[in-house]
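Enquirer: just to be clear, the model below is a prediction. Sequence and coordinates:
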Amino acid sequence: MPALKALAVVVVTVLAASHAEASKPVKRTLKGCVAEKVFFSIDGTMAYRISLPETFDVAAFEGQGISISGLLYPGDRFEPDDGAKPTLTEKTCPLPAVRAIKNDLVVRLRIDAEDAAKAGDFPKAHELIDNAFSILTPPACDSFSDRAEILAREGDYKGMAKDLAVIRARKKCYVAGKVNPLLVEDVGKVLLAKGEKKLAIEALNLANAVCDGDWCRDDIKKELAEAKKK
């Protein structure tokens, strides 16, 4: 499973555990914002797309902050209390929440872009990743990792090197918590599979540099050792 998708699975798993314990619905009052007629629950720097009944319309609160009380089910499905209506909490969605929502949209585009690149449809991959870059300013550092992987698959090693340099410097990109080392590691794996040993080692060394614990370091060091043998 690709690192980005693996990360998405982790995020969903954590959300399910924190928002809906086990498989039972949990009574909650969710607070968040409405964007593109969708309600996003906001938890710190994270935004979670909430599935509401079709009859529960939040479109009138576009761009505003609201709260809703009801039952939260696994999979982020939410059943508002009988007769409940959204409560306005913010006339304008706070900027940190806006960025969190935009980041959710960016991640979805990045996943689709990677899938297109793996299928060899590079025009589509570039269109999707360009859209992802246009949503946030500055772009997330992990977006550069994903574009570097696309460029590596395409054979544009100069473009790939520029993106990896941005991650290394962390000056032209936004770090939401930390850089995901597994995404950088994926770039190294692609390069190694293409026979680009030197470039692969450089990418894996960068992955090791941004890794912050044993959860990623052992696997990356193993990849590095394998790369150096070839």
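Expert: Looks like it came in fine. Numbering: from 1, shown residues only.

Enquirer: which parts of this protein are strands?
Expert: 26-35, 38-43, 46-50, 65-73, 77-80, 87-90 (DSSP state E).

Enquirer: low-confidence regions, the protein specifically.
Expert: Where the chain drops to pLDDT under 70, the residues are 1-22, 177.

Enquirer: for it, longest helix please?
Expert: Using DSSP state H, we find that the single longest helix of the chain is helix 95-118.

Enquirer: name the residues that touch it?
Expert: With C-beta atoms under 8 Å, 6 or more residues apart in numbering as the test, helix 95-118 has contacts from 2, 4-5, 8, 32-33, 35, 40, 42, 44-49, 65, 93, 122, 124-126, 128-129, 131-132, 135-136, 139-140, 142-143, 146-147, 149-150, 153-154, 176. Where C-beta positions appear, they are placed from N, C-alpha and C, glycine not excepted.

Enquirer: could you say which of the strands of the chain is packed most deeply?
Expert: strand 38-43 (a mean of 21; mean count of other C-beta atoms under 10 Å).

Enquirer: so how far is the longest helix of the chain from its chain's centroid?
Expert: 6 Å (C-alpha atoms, centre = their mean, to the nearest Å).

Enquirer: in that helix, which residues are buried?
Expert: 97-107, 109-114, 116-117 (16 or more other C-beta atoms under 10 Å).

Enquirer: and what of stretch 155-162?
Expert: 156, 160.

Enquirer: how about stretch 52-66?
Expert: For stretch 52-66, by 16+ other C-beta under 10 Å, it's 52, 58, 61, 64, 65, 66.

Enquirer: what residues are up against the first one?
Expert: Read it as residue 52. So residue 52 contacts 39, 58, 68, 78, 80 (C-beta under 8 Å, 6+ apart).

Enquirer: do the same with the fifth one
Expert: Neighbouring residues of residue 65 by C-beta under 8 Å, 6+ apart: 31, 32, 33, 88, 89, 90, 91, 92, 93, 94, 97.

Enquirer: make it 6 Å
Expert: Residues counted as contacts of residue 65 (C-beta atoms under 6 Å, 6 or more residues apart in numbering) are 33, 89, 90, 93.

Enquirer: nearest residue to the last one in space, please, no chain neighbours.
Expert: Once flanking residues are discounted, residue 93 sits nearest to residue 33: 3.7 Å by C-beta to C-beta, 6 or more residues apart in numbering.

Enquirer: middle-most residue in the chain, spatially?
Expert: Taking C-alpha atoms, centre = their mean, the centroid of the chain lies closest to residue 107, which sits 3.6 Å from it.

Enquirer: distance-wise, check that residue relative to residue 49.
Expert: Computed with C-beta to C-beta, to the nearest Å, the distance linking residue 107 and residue 49 is 11 Å.

Enquirer: can you check residue 40 too?
Expert: Separation of residue 40 from residue 49 (C-beta to C-beta): 6 Å.

Enquirer: only alpha carbons, please: show stretch 215-223 as CSV.
Expert: Output of stretch 215-223 as CSV, limited to C-alpha atoms (Å, rounded to 0.1, in the frame of the first residue of the first chain):
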residue,chain,number,x,y,z
TRP,A,215,8.3,3.7,13.6
CYS,A,216,9.9,4.8,10.3
ARG,A,217,13.7,4.6,10.8
ASP,A,218,14.2,0.8,10.7
ASP,A,219,12.3,0.4,7.4
ILE,A,220,14.1,3.3,5.8
LYS,A,221,17.5,2.0,6.9
LYS,A,222,16.7,-1.4,5.5
GLU,A,223,15.8,0.2,2.2
